[in-house]
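Student: quick check, what structure comes out for this input:
(chains A and B)
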Amino acid sequence: MTDALLTISDLSLGFRGEAGFAHILDGVNLTMRPGEIMGLVGESGCGKTTLARAILGVLPRAALELRGGAIGFRGTDMLADGAAQAAIRGRRITFIPQDPFSSLNPVFTIGEQIDDLMKWKSPRRGEGGRWPALLAPYGRSRRAADRAAVIETLEAVQLPQPERLLRKYPHEVSGGQRQRLMIAMALLPEPDLIIADEPTTALDVTIQAQILGLLRRLASERGVAVMLTTHDLGSAWEICDAITVMYAGQDVEAAPVTEFFRAPAHPYTNKLLASLPDAEGGGAMTGIPGEVPDFLAPPPGCRFAPRCERASAACATRPAQTPRGPGHLVRCVHPVAAPVHAEAEA
Amino acid sequence: MTEPILSVRDLHCHFPVRGAFGRQVGAIRALDGISFELMPGEILGLVGESGCGKSTLGKTIMGIQSPTGGGITFEGAEIAGASPRAAKDRRARLQYAYQDPGASLDPRWRIGRSLEEPLIIHTGLGAAERGRKVRDILAAVGLPESHLERYPHEISGGQQRRVGLARILMLNPKVVILDEPTSGLDVSVQATVLSLFRDLREEFDLTYMFISHDLSVVRMMCHRVAVMYLGRIVEIGPTQEIFAAPKHPYTQSLLAAIPRIGGPRVVDTFWLKGEPPDASRLPKGCRFQGRCPHATAICLSDDPALRGAGGSAAACHFAGEVSPPAPIRRALP
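Tutor: Here you go, the predicted structure:
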């Protein structure tokens, strides 16, 4: 597709350590369009965060071993060109961390930290210039314009009294407010893509509803694409346009949100949905027996095969992405048939 | 009518806020008049936002915090403010499962040693008997015997949870307080851990107090639910009733915040604004007034008491009369 914002093709990487090579991402394919909110869903240890960090280029370089594949962002090859990636990071792609409690420096006021961000990553910052980057002056007019943008954005994320807030220290504000701050700081450089790494796991359900609503509203108002990594299918349903499911470093299924919940095709996706406690009470809650495979010696082919009751000898080679419907791709030799009665409900 | 195994009457736990020279300038009312009863064999869910006093309540019942007022009766004996010696006897029968089992196991001890420790402290069993008991309980929580030789960091989060539970079951407790037993677990693991809780309750005849912020889990596990807000129970009743017809506006908004896959999007319709006020500066009157969509003059002046009929009660002047506000549809492009 030509209009893609972010294209990840056959990305394969891992880390070399004392115990050997841990193959974390194994042939991941993913496409995001501009302005799309995509949910990257998977359990802990499935490679969501590694993928997010690979896009940003902040994986530990000493242990990292790239085995192939490419990450393209607006025509830039993020893996080949380190300088281009550094220019994009924090400006065109920003990040909302999982834990709002540990992602602000406790010894500086919130205002100082936002000023630091704006000094380097403000959209009004000119490129190059005659000064070396560290000596470049932070001009008064740009500072004033940046400050106005900060106040405006803090109001947009519904933080009360932004002027006073900037003089506070991080411990003086609550978790929900800190996460609003994180969203504001991710929006301030006016990026094309925000990677939100489990932004609501540390928050209460009432605050989660507020934060997710805010994220969706601001993203659609400003035309920003959001990659929301989450293990919670409920919050993915709330705000996502499309969902990609990962299992043990492989993408297993990708679909638009209604199609995904109406007719999940991969056995893993089905089991994941069956594990959810039913909001209407009851619910079988089967769980998935077994454990996520060892990344040092992963099973060949489909990594879900050892826990899958549909597995056969054919699963030893990784199935290709097979289209199941408009925008619905699944990687499985034995996909689950779409429920018949669902047509009537949908 | 059976006797309650644990009853809590008007329990208060205030933490002093000190200013200059140690002068007390205020108090954080972590628990502010909590009363409930726990029947044998029952699972009571305790839900609320973080900072509402759920964990403080659990810890006060255990005697980790001493209450500043009120009473706790366990198996017919008053236990609030008991001496450490008396507390030791009862700790075997009243157990607390910590929120993070990974952090509550000694990282330098093998699992087997951690499991054996309570038996050494509380019973006079010999080494061979202790070993047999450890292996029995380990099998009951569904872990292989090889795990006895492992260190806590070598096992997964779900397995740590099982070890934490095994450690509690060693002493044949009657009441177990589970503090956020599924936080930090994946849904597929959560499902298996929850069914383990159910099986163990049958097998060992346990009574649970289930502290959680996850309402869908509480709905599945608990017989009764108590909803807490800022140190007070605002609604208590049978699970079915609370989930079918919540009476308190706070309960109504908590229930409305759960995402329903396939249903209407909560983010479009959610009405509850803001966050709980500071527990050291509670407003006069109802403590939910600042966020309540139905607040009137009486809510600003009078603090509503927990009142109700039968098994259920709510602390609201308009309990049962209010319904959630009509969804505010925000236009989404």
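
Student: would you map the helices across the stretch 101-250 of chain B?
Tutor: Under the criterion DSSP state H, counting those that start in this stretch, the stretch 101-250 of chain B contains helices at B:101-104, B:111-122, B:127-140, B:157-169, B:187-204, B:215-221, B:239-244, B:249-256.

Student: where among those is average confidence lowest?
Tutor: Lowest mean pLDDT within the helices of the stretch 101-250 of chain B: helix B:101-104, at a mean of 80.

Student: tell me which helix or strand in chain A has the weakest average pLDDT.
Tutor: helix A:342-345 (a mean of 41; mean pLDDT, DSSP states H and E).

Student: give me the low-pLDDT residue ranges for chain A?
Tutor: A:1-2, A:127-131, A:278-285, A:339-346 (pLDDT under 70).

Student: how about the helices of it, start to end?
Tutor: In chain A, the helices defined using DSSP state H lie at A:48-56, A:82-88, A:110-121, A:140-156, A:162-166, A:175-187, A:205-222, A:233-239, A:257-262, A:267-274, A:342-345.

Student: which residues touch the fifth one?
Tutor: Contacts with helix A:162-166, where a contact means CB atoms under 8 Å, 6 or more residues apart in numbering or on different chains, come from A:109-111, A:114, A:150-151, A:154-155, A:159, A:173, A:177. C-beta coordinates here come from the backbone N, C-alpha and C atoms, glycine included.

Student: tell me which two in these are the farthest apart.
Tutor: Spatially, the most separated pair among the contacts of helix A:162-166 is A:Thr109 and A:Glu155, at 18.5 Å (CB to CB).

Student: the two: who's more crowded?
Tutor: A:Thr109 (17 against 13; other CB atoms under 10 Å in any protein chain shown).

Student: what is the neighbour count of residue 302?
Tutor: The chain I'm using is chain A. 26.

Student: think we crossed wires, I meant chain B
Tutor: B:Asp302 has 12 neighbours, counted by other CB under 10 Å.

Student: same question for B:Glu154.
Tutor: 11.

Student: A:Ala313 too?
Tutor: By other CB under 10 Å, the residues close to A:Ala313 number 9.

Student: likewise the one 10 residues further on?
Tutor: Neighbour count of A:Pro323, defined by other CB under 10 Å: 9.

Student: show me the strands in the stretch 1-150 of chain B, by range?
Tutor: Under the criterion DSSP state E, counting those that start in this stretch, the stretch 1-150 of chain B contains strands at B:6-18, B:24-38, B:43-47, B:69-74, B:77-78, B:94-97.

Student: now do the contacts for the closest residue to B:Val189 other than its chain neighbours.
Tutor: Distance criterion CB to CB, 6 or more residues apart in numbering or on different chains; nearest residue to B:Val189, sequence neighbours excluded, is B:Gly158 at 4.0 Å. Contacts here follow CB under 8 Å, 6+ apart; on that basis B:Gly158 touches B:185-186, B:189, B:192-193.

Student: who in the stretch 201-346 of chain A is up against chain B?
Tutor: Applying CB under 8 Å from any CB of the partner chain, one finds that the stretch 201-346 of chain A approaches chain B through A:204-210, A:212-213, A:216-217, A:220-221, A:231-235, A:237-239, A:261, A:271-273, A:275-283, A:285-289, A:291.

Student: pLDDT at the residue in the stretch 1-150 of chain B positioned nearest to chain A, what is it?
Tutor: Distance from chain A to each residue of the stretch 1-150 of chain B (CB to the nearest CB) is smallest for B:Glu49, at 4.3 Å. We have a pLDDT of 84 for B:Glu49.

Student: and the nearest residue in space to it that is not next to it in sequence, backbone torsions?
Tutor: Closest residue to B:Glu49 apart from its sequence neighbours, by CB to CB, 6+ apart: A:Asp204 at 4.3 Å. As for A:Asp204, its main-chain torsions (degrees, to the nearest 10) stand at phi -70, psi 160.

Student: measure A:Asp204 to B:Glu116 for me?
Tutor: 38 Å (CB to CB, to the nearest Å).

Student: A:Val226: how many residues sit nearby?
Tutor: 26.

Student: enumerate every residue touching it.
Tutor: A:36-38, A:193-196, A:215, A:219, A:239.

Student: how does it look with 7 Å?
Tutor: A:Val226 makes contact with A:37, A:194, A:196, A:215, A:219, according to CB atoms under 7 Å, 6 or more residues apart in numbering or on different chains.

Student: which one of those residues is nearest to B:Leu171?
Tutor: Closest to B:Leu171 out of the contacts of A:Val226 is A:Ala196 (44.3 Å), distances taken as CB to CB.

Student: so can I have CSV of the helices of chain A showing distance to B:Cys316?
Tutor: Shown next, in CSV, are the helices of chain A (distance: least, CB to CB, whole Å):
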stretch, distance to B:Cys316
helix A:48-56, 42
helix A:82-88, 52
helix A:110-121, 36
helix A:140-156, 33
helix A:162-166, 32
helix A:175-187, 24
helix A:205-222, 17
helix A:233-239, 28
helix A:257-262, 35
helix A:267-274, 36
helix A:342-345, 36
